[in-house]
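Asker: Only the shape, not the letters, is given here:
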């Protein structure tokens, strides 16, 4: 899957000229959706590491209505959108909302395909002309690899770049689960770490892939990964706006993507 080129179609060069010489802004802006595994195999402490990872990545992105927008969705046996791409247009508000997710108690199964389906059906379309990316972070196998691959392919049909971040030994031995999620090549779109505490090590690499103009520094206090850990790993198997947000929940036990509930949640900025 080739990466989407900026400002193509009609009047390409005129738009580039205007952007660079008159407006002084980037021609290409990106919509990024984080799909976070919150299943029962993840402890509350480890989920906090996930939240910090997303916060750290977001802190290096330029958030704004004409720049990058982010959305966060968690999934287990059901899917919950905590805020959409249209909700926050400042980095501080987005990070505050992300940090509030530390109150989540992980539970349920790993229905990765439902999260991918939700993103395909609901996440994008906020603005025209943006490039699109989905970052899936998971520590285990999806309940259905076949359905997961189909859902990821649906996103790719919309020219969405799909990244997979795998954590722990369950996935280090079954990278096919990550491969069906991620775009090709696997060496670029798949990232793997041995444990949640090492997620901070791969923040700079993920940031540079999501925004080539951003240069992220190492996270202070981040523990060094063991020499056996590879941040981009493919195993031998590969060769055979406001502070108010709308929360939408999808139940895995239902057929299709029926919406179970919608409620309002107020996020408080972290000082």
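Answerer: In hand now; what should we look at? What you are looking at is a predicted structure, and each value in this text was computed from that prediction instead of being measured.

Asker: how near is residue 122 to residue 79?
Answerer: Applying Cβ to Cβ, to the nearest Å, the value for residue 122 to residue 79 is 9 Å. Just so you know, the C-beta spots here come from the backbone N, C-alpha and C atoms, and that holds for glycine as well.

Asker: before we move on, what about residue 226?
Answerer: Relative to residue 79, and taking Cβ to Cβ, residue 226 is found at 33 Å.

Asker: Quick check on these two: which one has the bigger neighbour count.
Answerer: Taking neighbours as other Cβ atoms under 10 Å, residue 226 and residue 79 compare with residue 79 leading, 27 against 10.

Asker: a strand runs through the more buried one, doesn't it?
Answerer: Yes. The assignment for residue 79 by DSSP: H, G, I helix; E, B strand; the rest coil puts it in a strand.

Asker: Residue 185 versus that one, what's the distance?
Answerer: Residue 79 is 28 Å from residue 185, by Cβ to Cβ.

Asker: Repeat that for residue 50.
Answerer: 25 Å.

Asker: More neighbours: the two, which one.
Answerer: residue 50 (26 against 12).

Asker: Tell me how far the more buried one lies from residue 227.
Answerer: 24 Å.

Asker: packing partners for the top helix by length along the chain?
Answerer: Ranked by residue count and defined by DSSP state H, the top helix of the chain is helix 44-59. Counting contacts by 3 or more Cβ pairs under 8 Å, 6 or more residues apart in numbering; DSSP states H and E, helix 44-59 packs against strand 30-37, helix 91-99, strand 131-138, helix 203-210.

Asker: Give the buried residues for that helix.
Answerer: For helix 44-59, the neighbour count (16 or more other Cβ atoms under 10 Å) marks 46-59 as buried.

Asker: and it, average pLDDT?
Answerer: The average pLDDT for helix 44-59 rounds to 98.

Asker: Next secondary structure after that helix?
Answerer: Sequence order places strand 69-75 as the next helix or strand after helix 44-59, per DSSP states H and E.

Asker: Relative to that following strand, what are the paired strands and their orientations?
Answerer: The pairing partners recorded for strand 69-75 under DSSP bridges are strand 30-37 (parallel), strand 78-83 (antiparallel).

Asker: now the angle from the first one to helix 44-59?
Answerer: The one in question is strand 30-37. Strand 30-37 and helix 44-59 meet at an angle of 170 degrees, taking axes from the mean of the first three to the mean of the last three Cα atoms, to 10 degrees as the criterion.

Asker: can you give me the strands for the stretch 101-250 of the chain?
Answerer: If DSSP state E, counting those that start in this stretch is used as the criterion, the strands of the stretch 101-250 of the chain fall at 131-138, 160-167, 190-193, 244-251.

Asker: Tabulate those strands (TSV), appending distance to residue 118, mean pLDDT and mean neighbour count.
Answerer: Compiled in TSV, the strands of the stretch 101-250 of the chain are given as follows (distance: least, Cβ to Cβ, whole Å; pLDDT from 0 to 100; neighbours: other Cβ atoms under 10 Å):
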stretch	distance to residue 118	mean pLDDT	mean neighbour count
strand 131-138	10	98	24
strand 160-167	13	97	25
strand 190-193	22	93	24
strand 244-251	6	48	16
